[in-house]
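Asks: with the sequence up front, the predicted model follows.
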Amino acid sequence: MKKKLLALGLAATMAASLAGCGGNKTAETTTAATEAVATTEAASETSAEAADTEAESTEAAPELLTVTQGKLTVATSPDFAPYEFYAIGEDGTPALAGFDMALAQYIADDLGLELEVVTVDFDGVLSELQTKSVDLGMAGLSPDPKREGIMDFSDLYYIGGQSLVTVKANADTYNSFEAINKPEVSVGAQIGSIQMDLATANSPDADIVPLPKVTDIIAELLSGKMDAAYIETDVAKSYQKNYPELEIVLDVPYDQEGSAIGVCKDNEGLLAAVNASIGKALEDGSMEKFIAEANELASGEKYEGLLDESGQVQQ
Ligand code: ARG
């Protein structure tokens, strides 16, 4: 698993991994975060009730614990515009972007924590959560019930859909589940994703090709190595802006539509705080703004890989 730590020393991560999510309790993080939650709750109550809430929260409110004191450590997989990707700036440097990243920053600010982002391939996001090495996984995660043993899910913050994608030249050939369900047809899906499940459910006889990154899948489709692929609809639409040869041929039904944040399991205080922040971001127009900005940036130049240890584009 390739892994890049942004603004986070390896030693710190290892210490955090050992401590486990929420195992590294600290007075400062806890107080700041509890106050943030208590303040929001109090605002919607009468002043008498608010006084009670505050009194209770100093004594009995659940403490907000994170893997590293004062930080919110978030795993993501930046191969997924407009959710998360590297936008190439005017100076040619790639910078982490996307509405998941903007929401991550919003939540960290809201909770009074410093944001640390860990970038890995998508299956790595799942395992970082499973090993409790990070607090959150924000990667356009579908709240798949099969994942409930290794993470908790926040409320939904975005609704998307699923598609079958090919290239324009093949759009008349690979235009139905029947047409792609043949051993000679190669069908891609990202490793660890629900798109893999969709591939095996809808095209079990096809030559299913699991790849670590959605950007690898797009490259294979464009080069003609792969015939079709299961991809999140808004991601397919976003890469279509850079590669108009891509064609969405089918809407693929899926019953857990929408994205949630994966929260390190059994950290109820953090889950509640994250849900409160999501509620605010949806309510105050921030989420809408993050989505518009991400779509705008994603139509520009994107870097399609992870960065190396010194933050450079990998060749
Ligand atoms: N929604 C799908 C899932 O949860 C795919 C997510 C992939 N995310 C990414 N950043 N590549 O399985």
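Replies: Yep, that arrived.

Asks: what about Asn181, neighbour count?
Replies: Using other C-beta atoms under 10 Å, Asn181 has 14 other residues around it. C-betas here are computed from N, CA, C, even on glycine.

Asks: okay, it: pLDDT?
Replies: pLDDT for Asn181: 98.

Asks: in space, what's closest to it - neighbours in sequence excluded?
Replies: Ranked by C-beta to C-beta, 6 or more residues apart in numbering and with sequence neighbours excluded, the top spatial neighbour of Asn181 is Ser203, at 4.4 Å.

Asks: in this structure, what spans have low per-residue confidence?
Replies: Judged by pLDDT under 70, the chain has its weakly predicted residues at 1-63, 305-315.

Asks: and the strands in it?
Replies: Secondary structure of the chain (DSSP state E): strands located at 3-5, 71-76, 85-88, 94-97, 114-120, 136-141, 152-158, 162-167, 186-190, 207-211, 228-232, 246-252, 259-263, 302-303.

Asks: interface residues of the chain facing the ligand?
Replies: Within the chain, the positions near the ligand by C-beta under 6 Å from any ligand atom are 77, 79-80, 83-84, 122, 139-142, 190, 193-194, 214, 232.

Asks: need the contact list for the most centrally placed residue in the chain.
Replies: In the chain, the residue lying closest to the centroid (C-alpha atoms, centre = their mean) is Ala139, at 1.1 Å. Counting by C-beta atoms under 8 Å, 6 or more residues apart in numbering, Ala139 makes contact with 75-77, 80, 83-84, 100, 122, 125, 262.

Asks: before we move on, back to that, please identify which pair of the residues of the chain next to the ligand lies farthest apart.
Replies: Glu84 and Ile194 (16.7 Å; C-beta to C-beta).

Asks: do a quick rundown of the helices in the chain.
Replies: Counting by DSSP state H, the chain has helices at residues 10-19, 27-43, 47-60, 99-110, 122-130, 177-180, 194-202, 214-223, 233-242, 268-283, 286-298.

Asks: list the contacts of the fifth one.
Replies: Okay, so that is helix 122-130. 1-3, 75-77, 79-80, 118, 120, 134, 136-137, 139, 141, 147, 150-151, 190-193, 212-214, 262, 264-265.

Asks: pull out the buried members of the residues you listed.
Replies: When the contacts of helix 122-130 are checked for burial by 16 or more other C-beta atoms under 10 Å, the buried set is 75-77, 79-80, 118, 120, 134, 136-137, 139, 141, 147, 150-151, 190-193, 212-214, 262, 264-265.

Asks: which strand residues bridge Ser163?
Replies: According to DSSP bridges, the residues that bridge with Ser163 are Ile231, Asp251.

Asks: what's the separation between it and the ligand?
Replies: Separation of Ser163 from the ligand (C-beta to the nearest ligand atom, to the nearest Å): 12 Å.

Asks: my guess is that residue meets Ala228, correct?
Replies: No: at 10.2 Å, Ser163 does not count as touching Ala228 under the criterion of C-beta atoms under 8 Å.

Asks: list residues touching both of these two?
Replies: Joint contacts of Ser163 and Ala228 (C-beta under 8 Å, 6+ apart) are Val249.

Asks: neighbour count: those two, which is higher?
Replies: Neighbours per residue, other C-beta under 10 Å: of Ser163 and Ala228, the larger number sits with Ala228, 28 against 22.

Asks: against Leu64, how distant is the residue nearest to the centre of the chain?
Replies: Going from Ala139 to Leu64 by C-beta to C-beta, to the nearest Å gives 22 Å.
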